[in-house]
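Novice: just coords:
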Ligand SMILES: [Zn+2]
């Protein structure tokens, strides 16, 4: 049987460095609706769905590990339980396509939705934004043969979250089932570091979606803490000291790992 040893709780702020587009449902019939809106919460503010961030971190890890990708879904799928036993991607992010009666196929990482820090959109920024929290970037497609603006679909007006926006209280939870999982946790921070040199959301090749993780706080709630109610994330329980960026945490991971006891 597998027993949950505890939960590592990772808090951070995500800062948008270049305009970011995580697409939402089109506003279709709404008058004056945007044809390419960003995803928004029930208050009309952009947010980062946990599934978008998790999907991106997964795909960066798949590429880094050199996993073969399923042609249909474009993601890596373990073909057998034996493959899963060796597969860091599926152990962290979850397995698809196979079932097992012999061992539990566990997912270690949970990522919650992350909401906008309204204060990060300053009054000065608001004066230049087309909408209360977002901007419209006019994109022009140039026809390479003629060098002119293409007629069909030539102009696009994607909505973006502006550079400088911050999303606060990003929460990731990593379940520790066995001692070896501590090394899998390091892979999560490595993928965050990869993401900082990649992009979140769409149109990354056009320069969109550069993000940084800031003010990272790591806590460890071990199984016995849930029996005594000692799970509050108090500052004195933080285990990452003054290392608050993915790069610093990866560099000093062994020291942080030693505190997962
Ligand atoms: Zn796998």
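Specialist: Everything's here; your move. Just so we're clear, the structure is a prediction, and the values are computed from it rather than from any experiment. Numbering: from 1, shown residues only.

Novice: for residue 70, the count of nearby residues, please.
Specialist: Counted with other CB atoms under 10 Å, residues neighbouring residue 70 total 13. Any C-beta I mention is one placed from the backbone N, CA and C, and that applies to glycine too.

Novice: ok, residue 72 next?
Specialist: Neighbour tally, residue 72, other CB under 10 Å: 7.

Novice: where's it, which helix or strand?
Specialist: Counting by DSSP states H and E, no helix or strand carries residue 72.

Novice: helices of the stretch 151-261 of the chain, residue ranges please.
Specialist: 181-196, 223-228, 246-251, 253-257 (DSSP state H, counting those that start in this stretch).

Novice: which neighbouring elements make contact with the last one?
Specialist: Using 3 or more CB pairs under 8 Å, 6 or more residues apart in numbering; DSSP states H and E as the contact criterion, the neighbours of helix 253-257 among helices and strands are helix 181-196.

Novice: the helix it packs on and the ion, any residue contact?
Specialist: No - Helix 181-196 is not in contact with the ion by CB under 5 Å from the ion; minimum separation 12.4 Å.

Novice: let me have the helices of the stretch 151-261 of the chain in CSV, extended by mean neighbour count.
Specialist: Shown next, in CSV, are the helices of the stretch 151-261 of the chain (neighbours: other CB atoms under 10 Å):
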stretch, mean neighbour count
helix 181-196, 20
helix 223-228, 11
helix 246-251, 18
helix 253-257, 15
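
Novice: adding distance to residue 204 and mean pLDDT, write these out as TSV.
Specialist: Putting the helices of the stretch 151-261 of the chain into TSV (distance: least, CB to CB, whole Å; pLDDT from 0 to 100) gives the following:
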stretch	distance to residue 204	mean pLDDT
helix 181-196	11	98
helix 223-228	40	96
helix 246-251	18	98
helix 253-257	27	98
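
Novice: residue 70 is nearest to which of those helices?
Specialist: In terms of CB to CB, the element of the helices of the stretch 151-261 of the chain nearest to residue 70 is helix 181-196, at 19.6 Å.

Novice: how about residues contacting stretch 226-241?
Specialist: Contacts to stretch 226-241, defined as CB atoms under 8 Å, 6 or more residues apart in numbering, come from residues 9, 11, 216-221, 225, 249, 252, 255-256, 259-260.

Novice: the same query, at a cut-off of 10 Å, please.
Specialist: Outside stretch 226-241, the residues that touch it by CB atoms under 10 Å, 6 or more residues apart in numbering are 4, 6-11, 171, 189, 216-222, 224-225, 244, 248-249, 252-253, 255-261.

Novice: which parts of the stretch 51-200 of the chain are strands?
Specialist: Secondary structure of the stretch 51-200 of the chain (DSSP state E, counting those that start in this stretch): strands located at 109-111, 114-116, 135-136, 139-140, 155-156, 159-160, 166-176.

Novice: to the ion, which of these lies closest?
Specialist: The ion lies closest to strand 109-111 among these, at 13.6 Å (CB to the ion).

Novice: hmm, what's the outermost residue in the chain?
Specialist: residue 146 (39.6 Å; CA atoms, centre = their mean).

Novice: now do the SS call for residue 8.
Specialist: Per DSSP: H, G, I helix; E, B strand; the rest coil, the local secondary structure of residue 8 is strand.

Novice: tell me what residue 211 is bridged to.
Specialist: According to DSSP bridges, residue 16 are recorded as the beta-bridge partners of residue 211.

Novice: pull the contacting residues for residue 256.
Specialist: 8, 182, 185-186, 189, 218, 220, 239-241, 243, 248-250.
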